[in-house]
Each structure stands twice: as structure tokens, then as C-alpha cells.
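Student: sharing a model that was predicted from the sequence below.
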Amino acid sequence: MTVRRSAAALAATAAALCAAAAPAAVAAPSPSPSAALPSGLYGTNDPTYDGVWRQSLAFLAQQTAGVTPAAKAVDWLTGQQCDSGAFPAYRADASAPCTDKTMVDTNATAAAVQALRTVGGHQDAVANAVSWLKSVQNEDGGWGYTAGSPSDANSTSIVIGALARAGEKLGDVTTHGGKTPYAALLTFSIPCGGKDGGAFAYQPDKAGKLAANGDATAAGVLGALGKGLVVSDNAAVKDPACRKGSPLEPEQAAQNGASYLTTALAKSGHLDAAPMPGAEDSKPQPDFGNTADAVVALSAAGHKDKAAASVTWLEKNSAAWAKQSGPAAYAQLILAAHATGTDVHDFGGTDLVARLNATGPEPAAVKKPTATATEEEEKKDSGDGDGIGGVWWFVGIGLAVGAGAGFLISGRRKNQQL
């Protein structure tokens with residue numbers, strides 16, 4: 001997520017410097033507090049680099065909790081799509097047609113595909129977006145953040161998830177040279193043996209070396225498994241291990257990545273944010289978003305037990321971060337909770353779904369959380385019955401009547417996830 005946002009900002013900056021006339025979504029300054037944002041958009045922070053992304057994650061997270069977004073929220077997202085099928089990070093004026101200067105990108109498009117596929121009823125928009133993604137596949141089989149840019153682990157992984165969610169057979173998505181998306185993704189996997197063995201790099205450096213990246217590893221695990229941003233609770237398997245393969249298969253690359261994440265999370269329960277340029281000697285800061293993504297990745301690989309401590313850490317420490325960051329942050333936490341079977345309505349005392357819903361237009365429908373079996377048992381033991389009048393004794397027959405059966409809560413879900 002951190003790498004993805006950085007790529008968006010860098011891509012937009014480069015376009016603004018190189019283009020004779022930069023598009024409105026790139027050249028416009030950050031909205032002032034008084035600037036009116038679209039009523040269908042989630043969040044109030046500047047959407048220039050993440051409008052479509054956070055809207056898509058919001059839909060994915062809501063679906064896992066039985067929430068149907070407002071029609072105008074869905075209309076805003078579909079309205080961002082260009083005729084080519086691609087999505088930009090944000091178009092301030094969606095009534096104006098896209099041009100060759102409109103900064104469309106693979107990450108926004110892939111996230112929108114997953115969100116619209118989940119919402120349903122937008123087959124043409126999904127098909128058009130999928131067609132565009134396939135048309136900009138690099139010759140190595142992968143994708144970069146923008147069309148034609150060098151492939152990276154994050155972009156390749158999220159496109160894999162979108163294609164899989166749309167029903168595409170990934171083995172059939174090939175280049176003229178026969179390269180599949182997995183062919184590119186596996187080139188970012190660091191061989192086992194060293195301290196960072198099993199991790200994924202975002203991209204190789206200028207010398208061709210790979211450096212471990214937690215964000216890219218979480219994305220790479222999902223991509224190697226052919227998973228989208230939404231992962232359902234998965235039963236734990238044996239401890240993940242980094243194993244060499246020749247050739248390396250996607251499944252093993254995913255397990256190798258899970259092994260790296262397990263080790264990286266073991267000490268503190270969280271991943272650290274990469275230091276800002278010039279601040280390499282500063283104290284590492286927790287990266288909440290990437291930690292949540294790592295939780296999803298571990299669960300997808302069958303190791304939710306290895307993510308338990310990180311879920312607990314997020315429950316205790318993420319509230320302030322999520323409040324400041326907005327809808328995408330709440331969505332990431334919901335997706336992490338959903339992937340591990342954690343209660344999204346009581347995540348460290350916070351109802352994540354209610355908080356997410358409050359950042360956008362009122363949903364069309366909300367499935368209310370029901371009492372857990374434990375809560376119902378406690379009511380019965382205390383004589384509360386149905387919570388209205390307790391157990392009633394009918395005079396003359398002495399018959400005790402129970403108030404009603406409770407419903408088993410489903411913290412489970414869906415999509416949806418920078």
C-alpha cells in the first residue's frame with residue numbers, strides 16, 4: 001500500500017513535469033478544506049492519488065459485512081472509467097472525456113474491477129477494464145503502475161487478482177512470447193538462503209538486485225496464489241517454510257513469501273514503514289496498512305495462526321491511524337479481520353464497519369450484526385430471555401417459555417485491497 005501510493009505520486013509528478021498541459025487530476029492542487037468533493041466519494045482527504053482506490057476498497061470491505069453501498073457511490077466509481085476501459089486514480093471532472101494525458105493506471109483499474117465485480121450489475125464496465133488490462137500487459141508477462149512502465153510485484157499481483165476475480169484463466173493471459181503473469185511475478189521472489197529469502201521485491205534496482213519489501217511481499221503472496229484483495233478465513237496449515245525450487249512454482253513462491261512475513265512480524269507484531277529519504281537513521285515507525293495486508297496474505301496462504309499476534313496489535317494500536325487515514329484504512333482493517341475471522345464490529349472496541357460507512361454516503365442497505373451464541377447463553381443464564389422481559393411463568397401451568405433463539409454472528413465475508 002505504501003509503495004503503491006508512492007508510485008502514484010511519482011507517476012503523477014513525472015506526468016506533470018513532462019506534459020505540456022497536465023490533466024486536471026494531476027495538475028490541480030490539493031483540495032482546500034472548503035473545496036466540495038463529489039457527494040458519492042468516500043473520505044474527505046485529497047483524492048488526487050487514491051480516489052478510485054479507496055472507493056474500491058470501501059466497497060470490497062463493505063461487502064464482507066453485508067453492506068450495500070449507495071447508488072450514487074457506485075455511480076461515482078463507474079463514472080471515473082475512461083472509454084478505453086481504464087481508470088485513473090481520480091478525475092475531478094468526470095463529464096469531460098479522457099484524453100491521452102489522463103493518468104490512468106493499472107492499480108486503480110484492477111481495484112475497480114474487483115469492486116464492481118463484487119457490487120454486481122456492471123459486467124460491461126468490468127469486461128472493458130479487463131480488456132484494457134490485458135492490452136497493456138508487458139512482454140515479461142507483468143504490469144507496471146502505468147501502461148508501458150516496467151513491471152513491479154505490486155501492480156502485477158493486483159492485476160492477477162482482478163483477472164482472477166473476473167473469471168479469466170491466468171494461464172491463458174499471455175504475451176506474444178507466451179509469458180504468463182506468473183512468469184513476471186516470480187522474478188521478484190528472492191531465493192531462499194539469505195536473511196530476506198522468500199520475500200518479494202517491488203522491482204530490481206539498477207544493478208538488477210532484489211531488496212525485500214514487506215508491501216510487495218504481501219501483494220506477491222496474494223498474486224502467486226491467484227487471490228484478489230478479499231480473502232476468506234482459511235484453516236491454518238503447517239508452519240510456512242522457505243524452500244528452493246527449480247523452476248519455482250507460484251504456490252511455493254507464495255509459501256516462501258509467507259515464511260518471510262512470519263519472521264518479519266514475529267518480533268513486534270507489525271511491519272515497519274520504509275524511512276523517508278534523508279531520515280534513514282531515524283527510529284522505525286510502524287506501518288499499519290502493510291501490517292494489515294500481511295495479515296490477509298498469511299491467511300490466504302493458510303497461516304492465520306501466524307497472523308494472530310498482528311491482529312491483536314492492530315486492534316490495540318490502529319484506531320488513530322485509521323481515523324486520520326480514512327476509508328481505505330478502515331477497509332484494510334476490515335479485510336484483515338475478515339480474513340482471520342475477527343469481529344469487524346468489535347475490533348479493539350471499534351465498529352470498523354460503522355466507521356467506514358460514516359466516511360461516505362449512507363449505504364443502501366446494512367446488515368445489522370446479531371448477537372453471538374455466547375451473548376445469548378449469558379442472557380439465558382441470567383434469566384434475561386429475549387432481552388425484553390426475561391423468562392415468563394404462566395399462572396396455572398408453571399410453564400417456562402424461552403424468548404427466542406439467537407443468531408450466530410458472521411464476521412465473515414467477501415472481496416477487497418493500496
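Tutor: Structure's in. What do you need? Numbering: from 1, shown residues only.

Student: buried residues in stretch 284-301?
Tutor: 286-301 (16 or more other Cβ atoms under 10 Å). To be clear about C-beta, it is placed using only N, CA and C from the backbone, and glycine gets the same treatment.

Student: and that stretch, how far out from the chain middle?
Tutor: The offset between the C-alpha centroid of stretch 284-301 and the centroid of the whole chain comes to 10 Å, using Cα atoms, centre = their mean, to the nearest Å.

Student: so where do the strands sit in the chain?
Tutor: Applying DSSP state E to the chain gives strands spanning 67-68, 87-88, 104-105, 271-272, 286-287, 365-366, 392-393, 400-401.

Student: make CSV from those strands and add mean pLDDT and distance to residue 230 to it.
Tutor: Shown next, in CSV, are the strands of the chain (pLDDT from 0 to 100; distance: least, Cβ to Cβ, whole Å):
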stretch, mean pLDDT, distance to residue 230
strand 67-68, 98, 14
strand 87-88, 98, 18
strand 104-105, 98, 21
strand 271-272, 96, 21
strand 286-287, 96, 21
strand 365-366, 94, 18
strand 392-393, 34, 45
strand 400-401, 33, 42
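
Student: in helices only, show me the buried residues of stretch 284-301.
Tutor: Secondary structure from DSSP state H places 288-300 of those in helices.

Student: gap between the two ends of stretch 36-47?
Tutor: Across stretch 36-47, the terminal residues are separated by 12 Å (Cα to Cα, to the nearest Å).

Student: again with stretch 295-312
Tutor: 11 Å.

Student: give me the residues contacting that stretch.
Tutor: Contacting residues not belonging to stretch 295-312 are listed as 217-219, 221-222, 225, 227, 229, 231, 233-237, 239-240, 254-255, 257-258, 261-262, 265-266, 269-270, 291, 294, 314, 335-337, 339-342, 417 [Cβ atoms under 8 Å, 6 or more residues apart in numbering].

Student: coming back round to it: just say which of the strands of the chain is most tucked in.
Tutor: Highest mean neighbour count of those: strand 87-88, a mean of 28 (counted as mean count of other Cβ atoms under 10 Å).

Student: partners of that strand, with directions?
Tutor: strand 104-105 (antiparallel) (DSSP bridges).

Student: for the closest residue to residue 132 other than its chain neighbours, give its distance to residue 312.
Tutor: Among residues not flanking residue 132 along the chain, residue 85 sits closest, at 3.5 Å (Cβ to Cβ, 6 or more residues apart in numbering). Noted for residue 85: a distance of 42 Å to residue 312, by Cβ to Cβ, to the nearest Å.

Student: likewise residue 214?
Tutor: 18 Å.

Student: what of residue 102?
Tutor: Taken as Cβ to Cβ, the span from residue 102 to residue 312 is 43 Å.

Student: more crowded one of these two?
Tutor: residue 102 (19 against 13; other Cβ atoms under 10 Å).

Student: can I assume the more buried one is in contact with residue 91?
Tutor: Yes: counting by Cβ atoms under 8 Å, residue 102 touches residue 91, with 7.1 Å between them.

Student: and the contacts of stretch 188-200?
Tutor: Here stretch 188-200 has contacts from 152-153, 156, 185, 201-204, 210-214, 216-217, 219-221, 224, 242-244, 248, 253, 256-260, using Cβ under 8 Å, 6+ apart.

Student: are any of those buried, and which?
Tutor: For the contacts of stretch 188-200, buried by 16+ other Cβ under 10 Å: 152-153, 156, 185, 201-203, 210, 212-214, 216-217, 219-221, 224, 242, 248, 253, 256-260.

Student: can you flag which of those belong to helices?
Tutor: Using DSSP H, the members of the buried ones among the contacts of stretch 188-200 that fall within helices are 153, 156, 185, 214, 216-217, 219-221, 224, 253, 256-260.

Student: show me which of those residues is closest to residue 68.
Tutor: Distance to residue 68, by Cβ to Cβ, is smallest for residue 219 among those, at 27.9 Å.

Student: tell me the contacts of the closest one?
Tutor: Residue 219 sits next to 153, 154, 157, 158, 200, 293, 297 when contact means Cβ under 8 Å, 6+ apart.

Student: the same query, at a cut-off of 6 Å, please.
Tutor: 153, 154, 157 (Cβ atoms under 6 Å, 6 or more residues apart in numbering).

Student: out of everything not next to it in sequence, what's closest to the last one?
Tutor: Same thing as residue 157. residue 223 is the one closest to residue 157 (Cβ to Cβ, 6+ apart), at 2.8 Å.

Student: same deal with residue 354?
Tutor: residue 345 (7.6 Å).

Student: what's the neighbour count on residue 324?
Tutor: 9.

Student: any idea how far residue 91 is from it?
Tutor: The value you get for residue 324 to residue 91, if Cβ to Cβ is used, is 25 Å.
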